[in-house]
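Chemist: Task: produce atomic coordinates for the following.
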Amino acid sequence: MGLLLAAGIFGAVNIVRMSYNRDLSIILKETSALKGQAYHNIPIYSDYISNKREKKLRTHLLKDHLKAAEAMNLEAAGNRESIERQIKEKLVVKMIRDKNSLFYFYNLPRENRYLREFTLKGLVNLGKEFQKTLASRGFNGKVKFAVTSALRGEDYQKSLRKRNRNAVALSSHAFGISFDVFFDEYFVVIDKPEESFVTESSRLDDLRGQSGYLLGGALRRQFKAAMAETLIRLQDEGKLYVILEKRQRCFHVTILK
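Modeler: Purely as a prediction, here's the structure:
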């Protein structure tokens with residue numbers, strides 16, 4: 001009886017191990033396929049960018065972004081108390097991120113994760129349009145981009161100026177209509193296999209997560225080109241203004257209402 005029980009346990013362990021290895025093989029195969037799609041179909045940023053395209057990324061500078069806020073008659077956020085009042089009055093809304101979101105936060109303090117409602121919709125739409133650009137380029141995976149800045153109050157802006165020469169006294173961030181996209185950081189979603197042989201495995205979940213960040217980093221030059229292409233197109237359509245900020249390695253985006 002003991003031998004039969006031991007044999008049964010050994011057999012079950014072997015099945016789990018084989019299933020784990022098959023799932024692992026599928027994940028690695030998908031990662032390799034996505035990498036190949038990007039390498040073969042999406043140009044790196046230095047090959048994509050041209051004088052004409054870079055000019056478009058710097059056509060509407062801060063003055064135009066502030067004029068957009070002025071045209072909408074929006075109130076700038078002052079100190080923390082002013083921000084809390086705007087939150088209470090629902091003039092700005094919280095940026096909620098879940099597993100379906102196409103963006104994630106990168107060094108963005110929780111207390112600054114707020115935007116105007118229409119700006120948040122514009123951010124969500126940017127994620128969808130970014131996916132369309134990738135798909136049109138022959139990339140079938142889902143890619144999330146990093147948001148590094150959103151609503152900034154007067155106090156935050158003052159502290160930022162001490163360490164960032166690009167920071168100005170009054171930014172369009174103060175009006176909740178702008179956010180920054182960090183163009184050197186992305187996350188590629190590695191989905192769980194549809195026919196998964198392992199029902200639960202934190203190790204496999206960790207592997208998919210780590211692979212997603214590593215793949216996003218390895219392909220950041222391709223994804224930066226795709227993001228620039230998306231932003232230029234949306235700006236041409238009159239939906240936003242974009243500024244390429246080289247020192248801070250981000251695209252400063254203002255959504256137009």
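Chemist: can you map out the helices along the stretch 151-257 of the chain?
Modeler: 154-163, 202-218, 220-236 (DSSP state H, counting those that start in this stretch).
Chemist: Can you spell out which helices and strands pack onto the second one?
Modeler: Secondary structure elements in contact with helix 202-218, counted by 3 or more CB pairs under 8 Å, 6 or more residues apart in numbering; DSSP states H and E, are helix 2-41, strand 178-188. (Glycine included, C-beta is placed from N, CA and C.)
Chemist: so that helix versus strand 178-188, what angle?
Modeler: 120 degrees (axes from the mean of the first three to the mean of the last three CA atoms, to 10 degrees).
Chemist: okay, the angle between helix 202-218 and helix 220-236?
Modeler: 70 degrees.
Chemist: Now do helix 202-218: everything it contacts.
Modeler: The contact list for helix 202-218, computed with CB atoms under 8 Å, 6 or more residues apart in numbering, reads 20, 23-24, 27, 31, 34-35, 143-144, 185-192, 198, 223.
Chemist: Pull out the buried positions in it.
Modeler: For helix 202-218, burial by neighbour count (16 or more other CB atoms under 10 Å) applies to 204, 207-208, 211-212, 215-216.
Chemist: Report pLDDT for the spatially most central residue of the chain.
Modeler: Taking CA atoms, centre = their mean as the criterion, residue 145 is the residue nearest the geometric centre of the chain, at 1.7 Å. On pLDDT, residue 145 comes in at 98.
Chemist: same deal with the one 10 residues further on?
Modeler: Among the per-residue scores, residue 155 holds a pLDDT of 70.
Chemist: can you check the one 3 residues further on too?
Modeler: Turning to residue 158, the model gives it a pLDDT of 64.
Chemist: Which of the helices and strands packed on helix 202-218 comes out lowest on mean pLDDT?
Modeler: helix 2-41 (a mean of 68).
Chemist: In terms of secondary structure, what does whichever helix or strand comes after that one contact?
Modeler: Moving toward the C-terminus from helix 2-41, the next helix or strand (DSSP states H and E) is helix 45-48. Judged by 3+ CB pairs under 8 Å, 6+ apart, the packing partners of helix 45-48 are helix 220-236.
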